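[1] fold the following and give me the result.
(2 chains)
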Number of protein chains: 2
Amino acid sequence: MLPPGSTIGILGGGQLGRMLAIAAARLGFHCHIYCPEPESPAFEVASAHTLAAYEDEAALAAFAKGVQVVTLEFENVPVETLRFLEARVPVAPSSGALEIAQDRLAEKTFAERLGLRTAPFADIASVESLHSALDMIGLPAILKTRRFGYDGKGQVKIVTREGAASAFQALRDSPAILEGFVRFSREVSVIAARTVSGEFVAFEVTENEHRNHILDRSMVPARIGERACGAAMDAARKIGDGLGYVGTFAVEFFVVGDGDAEDVVVNEIAPRVHNSGHWTIDGAVTCQFEQHIRAICGWPLGSARRRERVEMINLVGADMELWAELAAQPATKMHLYGKSETRRGRKMGHATRLLGNP
Amino acid sequence: MLPPGSTIGILGGGQLGRMLAIAAARLGFHCHIYCPEPESPAFEVASAHTLAAYEDEAALAAFAKGVQVVTLEFENVPVETLRFLEARVPVAPSSGALEIAQDRLAEKTFAERLGLRTAPFADIASVESLHSALDMIGLPAILKTRRFGYDGKGQVKIVTREGAASAFQALRDSPAILEGFVRFSREVSVIAARTVSGEFVAFEVTENEHRNHILDRSMVPARIGERACGAAMDAARKIGDGLGYVGTFAVEFFVVGDGDAEDVVVNEIAPRVHNSGHWTIDGAVTCQFEQHIRAICGWPLGSARRRERVEMINLVGADMELWAELAAQPATKMHLYGKSETRRGRKMGHATRLLGNP
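    Now for the predicted structure:
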């Protein structure tokens, strides 16, 4: 167990880094944020920060010297950065886990090998391979970049065969994956944490609604049957074990079928704390951020017990104008990220409504 | 309502300032800590700090220019400092409220004028006045410095008439107050917040146990009857209104009598967030720190609803060695203050046990 007073290095300085730093401070840890963006929201709640590129080896080496463990707040940190740091200081999650979760093709292949349901998918290297994949997978389908996609960025829906070539062009020849379209009734996620010794603690399944491909609302408990719920939990555990994962991670699922046929299909793995787990700050005994800090510091995990019914709403772009209205609701917990500029599609904060028991 | 993105100035950089800064960050505020002590626990979770004396007018003036409101985390900030700042920037609580709460004599006189029960007391300016006060109040009694006492510092118990002179000497001729000894069954406190418009929200009455004059354990709900509970709430409201108080404050009480005769006696007013309110971080919908930030920023207050039964234990000095044991209890929430040096009697952290409903 890393003792309080130790310093945790966090790659990335956004709101996830900010909430990780706050959780770490509560446990008596110091945080050092490493981020190439000035005015990062995490800087002001951390004891130190380095403003440098992820490729800056001198800065990375100095950073590694000053911290006892390194973690990350977003999955697009270059794997090479993590490997460079792993040679110098403990890093969690590992570069191996990150490598799989960063690449939609590796991720889907990994989930399939674990025996989990995914959308049908195919590796796309050329317009020709796209056409033969469409033969196999059918229409509609979604062409996605293998890497660096988030919040709906880097993906194009293909509705007709004629649209294939332009979809391929739209992704500018990036390595891509074609995924079959899953007709789902709703989307859910499991946020879980795993320690190096294999202890695994998951939060209750969360139901998520998106707007313009960005998470809009999360609700717990989710409207999902016991069997599908169990399948989601089981999948999260297999994924955690399969990755040898250390820290908090999220698995997003589509809920398909209904009644006895209700089931979950793995959509995406996020090797980090996750927007759909923000409700845990106010709604669970231990929040996802504290769970992550505990896991990477070798502490036992905390209780994931839900304390009441909750609903989390994201404040994206102009939603920020709602702050005064939300602040006037006595049982709504506000979380604003301290971003000076409101931009369209930018996550400015979130609010959690506490709805009482059970 | 002060909008998110505004900067709050906090006088004092201890654990109370640290927890205030974390609560402020969550609401999207920036914090600037003003404190004469290097390595203050609040510095590392705030965006800025000034290391200067409370008498440094140039530093205070610069501080006032950079913040939209000023508050404090401990009551021994010189009243002159607050007055200097009040001429430049909104300050809450006010110098007037602080002046009363800083001085045991003014505080007791104020409570008495509100019609509240206090221990019998007398102003002590000389050994002679001490003797005549002892005639009136009787033995045992406690001689206390009027100002700057906390955690049992600055007080001497007088058991015999012969002990009077040495007690007076022990306080080194500081202005003092003699208080009659109250035979109490237990100690409780009310933590409440009040806004400038007079909105008042109190947390449930908290039961407190001290060890070596330092708070050891707080429990909610308190073992206290409904009538005495109501009297405590009523007293807190009168005190808040009487002071025209803005922010979170605490009133400590002795519980006396039992059955129908159970009642509360005002012991002390703390014009700040209070150790016995730390349970609210994990145990209430809104914590005392957020309530304070809301009040001083002109936001409506949040819900003070208790979420489950709780017990808070202080980690004082060597108690810090318990950290690993406490960290292994899944429903115990750890709060460590990041102090590098463990000293006897020093508050190093606290832990809140969540004990379920109701």
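
[2] phi, psi for the spatially most distant residue from the centre of chain A please.
    Largest separation from the mean C-alpha position in chain A: residue A:162, at 34.0 Å (CA atoms, centre = their mean). Main-chain dihedrals, residue A:162, degrees, to the nearest 10: phi -70, psi -30.

[3] just the strands in the stretch 1-150 of chain A please.
    A:7-11, A:30-35, A:48-51, A:69-72, A:121-124, A:141-145 (DSSP state E, counting those that start in this stretch).

[4] mind checking those strands for the one nearest to chain B?
    With CB to the nearest CB, the closest approach to chain B among the strands of the stretch 1-150 of chain A belongs to strand A:30-35: 6.5 Å. Just so you know, the C-beta spots here come from the backbone N, C-alpha and C atoms, and that holds for glycine as well.

[5] any idea of the pLDDT on the residue in the stretch 251-358 of chain A that chain B sits nearest to?
    The minimum distance from the stretch 251-358 of chain A to chain B, using CB to the nearest CB, falls at residue A:336 (2.7 Å). pLDDT, residue A:336: 98.

[6] also residue A:149?
    So, for residue A:149, pLDDT stands at 73.

[7] residue A:61 now?
    Per the predicted model, pLDDT is 98 at residue A:61.

[8] just how off-centre is the least confident helix or strand in chain A by mean pLDDT within its chain?
    Within chain A, confidence by mean pLDDT, DSSP states H and E is lowest for helix A:164-170 among all helices and strands, at a mean of 91. The chain centroid and the centroid of helix A:164-170 are separated by 28 Å under CA atoms, centre = their mean, to the nearest Å.

[9] picking that back up, you'd agree the residue of the stretch 251-358 of chain A closest to chain B is up against residue B:26?
    Yes: the pair residue A:336 / residue B:26 is scored as a contact, 7.4 Å apart, by CB atoms under 8 Å.

[10] just the element for the residue in the stretch 101-250 of chain A that chain B sits nearest to, please.
    Closest residue of the stretch 101-250 of chain A to chain B, CB to the nearest CB: residue A:201 (8.4 Å). Taking DSSP states H and E as the definition, one finds residue A:201 inside strand A:200-202.

[11] give me the contacts around the helix or strand following that strand.
    Counting by DSSP H and E, the next helix or strand C-terminal to strand A:200-202 is strand A:206-211. Contacting residues not belonging to strand A:206-211 are listed as A:186-191, A:215-224, A:252, A:276-277, A:279, A:316 [CB atoms under 8 Å, 6 or more residues apart in numbering or on different chains].

[12] strand A:206-211 pairs with which strands?
    strand A:186-194 (antiparallel), strand A:214-220 (antiparallel) (DSSP bridges).

[13] give me the buried positions along the first one.
    The reference is to strand A:186-194. A:187, A:188, A:189, A:190, A:191, A:192, A:193, A:194 (16 or more other CB atoms under 10 Å in any protein chain shown).

[14] okay, those in a markdown table with pLDDT next?
    Output for the buried residues of strand A:186-194, formatted as a markdown table (pLDDT from 0 to 100):
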| residue | pLDDT |
| --- | --- |
| A:187 | 98 |
| A:188 | 98 |
| A:189 | 98 |
| A:190 | 98 |
| A:191 | 98 |
| A:192 | 98 |
| A:193 | 98 |
| A:194 | 98 |
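
[15] nearest to residue A:103 among those?
    Comparing the buried residues of strand A:186-194 against residue A:103 with CB to CB places residue A:189 closest, at 19.8 Å.

[16] helices or strands up against the helix ranked longest in chain A?
    Ordering each helix of chain A by length in residues (DSSP state H) puts helix A:226-243 first. Judged by 3 or more CB pairs under 8 Å, 6 or more residues apart in numbering or on different chains; DSSP states H and E, the packing partners of helix A:226-243 are helix A:95-102, helix A:104-113, strand A:186-194, strand A:200-202, strand A:247-256, strand A:263-270.

[17] which other helices and strands contact the fourth one?
    If you count contacts as 3+ CB pairs under 8 Å, 6+ apart, strand A:200-202 packs onto strand A:186-194, helix A:226-243.

[18] and that strand, how far from the chain's centre?
    16 Å.

[19] show me the contacts for residue A:306.
    A:203, A:204, A:220, A:221, A:283, A:284.

[20] quick check: the farthest pair among those?
    A:221 and A:284 (12.2 Å).

[21] so for these two, which sits in the more crowded spot?
    Neighbours were counted for residue A:221 and for residue A:284 using other CB atoms under 10 Å in any protein chain shown; residue A:284 has more, 24 against 14.

[22] contacting residues around that one?
    Residue A:284 makes contacts with A:203, A:303, A:304, A:305, A:306, A:307, as judged by CB under 8 Å, 6+ apart.

[23] pull out the buried residues from those residues.
    With burial judged by 16+ other CB under 10 Å, the buried subset of those is A:203, A:303, A:304, A:306, A:307.

[24] gap between the first one and residue A:250?
    To residue A:250, residue A:203 is 10 Å away according to CB to CB, to the nearest Å.

[25] what is in contact with those two at once?
    With CB under 8 Å, 6+ apart, residue A:203 and residue A:250 have common neighbours A:190, A:191, A:192, A:277.

[26] circling back to that earlier point, for residue A:103, find the nearest of the helices and strands packed on strand A:200-202.
    helix A:226-243 (13.0 Å).

[27] so residue A:335 bridges to which residues?
    Here residue A:335 sits in beta bridges with residue A:350, as judged by DSSP bridges.

[28] can I assume it is in contact with residue A:347?
    No: using CB under 8 Å, residue A:335 is not in contact with residue A:347, being 10.5 Å away.

[29] re earlier: give the pairing partners of the strand holding residue A:201; include direction for each.
    In the sheet, strand A:200-202 lines up with strand A:186-194 (antiparallel) (DSSP bridges).

[30] measure how the partner strand sits relative to helix A:226-243, angle-wise.
    Interaxial angle, strand A:186-194 versus helix A:226-243 (axes from the mean of the first three to the mean of the last three CA atoms, to 10 degrees): 40 degrees.

[31] tell me the angle strand A:186-194 makes with strand A:263-270.
    Per the same axes, to 10 degrees, the angle that strand A:186-194 makes with strand A:263-270 is 60 degrees.

[32] sorry, back to before: what sits closest to the residue of the stretch 251-358 of chain A closest to chain B if chain neighbours are left out?
    residue B:28 (2.7 Å; CB to CB, 6 or more residues apart in numbering or on different chains).

[33] got it, and residue A:168?
    residue A:127 is the one closest to residue A:168 (CB to CB, 6+ apart), at 5.0 Å.

[34] give me the neighbour count for the one you found.
    13.

[35] what parts of the stretch 151-300 of chain A come near chain B?
    Proximity of the stretch 151-300 of chain A to chain B (CB under 8 Å from any CB of the partner chain) is limited to residues A:285, A:286, A:294, A:299, A:300.

[36] measure residue A:244 to residue A:199 for me?
    Distance, residue A:244 to residue A:199, using CB to CB: 13 Å.

[37] what of residue A:245?
    12 Å.

[38] who's more crowded, these two?
    A direct count of neighbours by other CB under 10 Å for residue A:245 and residue A:199 places residue A:245 higher, at 28 against 12.

[39] could you say which helix or strand contains the more buried one?
    Under DSSP H and E, no helix or strand contains residue A:245.

[40] sorry, back to before: pLDDT added to the contacts of residue A:306, as JSON lines?
    What follows is the contacts of residue A:306, written out as JSON lines (pLDDT from 0 to 100):
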{"residue": "A:203", "pLDDT": "98"}
{"residue": "A:204", "pLDDT": "98"}
{"residue": "A:220", "pLDDT": "98"}
{"residue": "A:221", "pLDDT": "98"}
{"residue": "A:283", "pLDDT": "98"}
{"residue": "A:284", "pLDDT": "98"}
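
[41] just for chain A, where's the confidence low?
    Applying pLDDT under 70 to chain A flags the ranges A:151.

[42] go again with 80.
    By pLDDT under 80, the weakly predicted segments of chain A are A:149-153, A:172-173, A:358.

[43] which residues are in contact with the closest residue to residue A:6 other than its chain neighbours?
    Nearest non-adjacent residue to residue A:6, counting by CB to CB, 6+ apart: residue A:68, 4.3 Å away. Neighbouring residues of residue A:68 by CB under 8 Å, 6+ apart: A:2, A:6, A:7, A:8, A:89, A:90.
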